[in-house]
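Asks: dropping a prediction and its sequence here:
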Amino acid sequence: MSEQTVQAQTVLSIDSGTPYLSLGLLANGQRFERVLEVGRAAAERLPAELAALYAGAGVPLGAELIVVGTGPGSYTGLRVGASYALGLGRAWGVPVLGVPTLEGLAGEQDVTVAVSLDARKEHVYGAVYRLAGGVVTEALHPAARYPLAAFEALAAGLPWHRDGAPDPLLLATNGLHHGRQDWELAYL
């Protein structure tokens, strides 16, 4: 998509696969977000938080594109976010694209960065990405489950973002650039 199209579009992003509920909205050239630690209460909190996001942005409910974080994450959390995104996509008649949740941890720098989420038992789900303008341009080490020691070796000397809240605006931006229509959820 061209940058002009990117700026003109209203894009909603949803990620609920971690203990955080991350909602983002790109609308009218502006960026809005709500990120809350909700634990396992994503299903209960998502509708009201989405309404609050739109109210705070001052735009009517709707979007031209929805981006959903596809994990890795908790089984229930991912299914809540994906189901909600698919329901909205169907109601609004818009596509729902998937982006790995790990891309929301990458940051907005022009750098190579390691990102990971705890996978328990001395393992992480991680990836090493090359970024340009906050967009993932290449996966140097693809998203996978790694023994912690092995991933520490891959991440040596790199900025390493771990176990934080996915940035919903990064998910939206990455979704615009390379979101997938044939996405699948990845569970922890």
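Replies: That came through fine. Numbering: from 1, shown residues only.
Asks: the closest residue to residue 147 other than its chain neighbours and residue 72, how far apart?
Replies: Nearest-residue entry for residue 147: residue 123, 5.8 Å, with adjacent residues in sequence omitted and distances by Cβ to Cβ, 6 or more residues apart in numbering. Any C-beta I mention is one placed from the backbone N, CA and C, and that applies to glycine too. Using Cβ to Cβ, to the nearest Å, residue 123 is found at 11 Å from residue 72.
Asks: again with residue 110
Replies: For residue 110, the distance to residue 72 - Cβ to Cβ - is 26 Å.
Asks: with neighbour numbers in mind, choose between those two.
Replies: residue 72 (24 against 11; other Cβ atoms under 10 Å).
Asks: the strands in this protein, which residues?
Replies: All strands of the chain, identified by DSSP state E, fall at 11-15, 20-27, 30-37, 65-69, 96-99, 112-118, 123-132, 135-147, 160-162.
Asks: deepest of the ones you listed, which one?
Replies: Mean neighbour counts were compared across the strands of the chain using mean count of other Cβ atoms under 10 Å; the top stretch is strand 11-15, at a mean of 30.
Asks: quick one on the thing from earlier: got any residues that touch both of residue 123 and residue 72?
Replies: With contacts defined as Cβ atoms under 8 Å, 6 or more residues apart in numbering, the residues adjacent to both residue 123 and residue 72 are residue 145.
Asks: residues in contact with stretch 80-96: which ones?
Replies: Outside stretch 80-96, the residues that touch it by Cβ under 8 Å, 6+ apart are 12, 14-17, 42-43, 46-47, 50, 62-70, 181, 185.
Asks: do stretch 151-163 as well
Replies: Residues contacting stretch 151-163 (Cβ under 8 Å, 6+ apart): 105-107, 109, 111-118, 124, 126, 128, 141, 146.
Asks: render the CA-only coordinates of it in CSV, please.
Replies: The C-alpha trace of stretch 151-163 is given here as CSV (Å, rounded to 0.1, in the frame of the first residue of the first chain):
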residue,chain,number,x,y,z
PHE,A,151,17.9,-17.2,22.4
GLU,A,152,20.2,-15.2,24.7
ALA,A,153,23.0,-16.2,22.3
LEU,A,154,20.9,-14.9,19.3
ALA,A,155,20.1,-11.7,21.1
ALA,A,156,23.6,-11.0,22.3
GLY,A,157,24.5,-7.3,21.7
LEU,A,158,21.0,-6.4,20.4
PRO,A,159,18.3,-4.4,22.1
TRP,A,160,16.0,-7.1,23.6
HIS,A,161,12.4,-6.3,24.3
ARG,A,162,10.7,-9.0,26.5
ASP,A,163,7.4,-9.7,28.1
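Asks: so what's the gap between it and the chain middle?
Replies: When distances are taken as Cα atoms, centre = their mean, to the nearest Å, stretch 151-163 is centred 19 Å away from the chain's centroid.
Asks: flag every buried residue along that stretch.
Replies: 151, 154, 155, 160, 161 (16 or more other Cβ atoms under 10 Å).
Asks: tell me which of those residues is nearest to residue 26?
Replies: residue 161 (21.5 Å; Cβ to Cβ).
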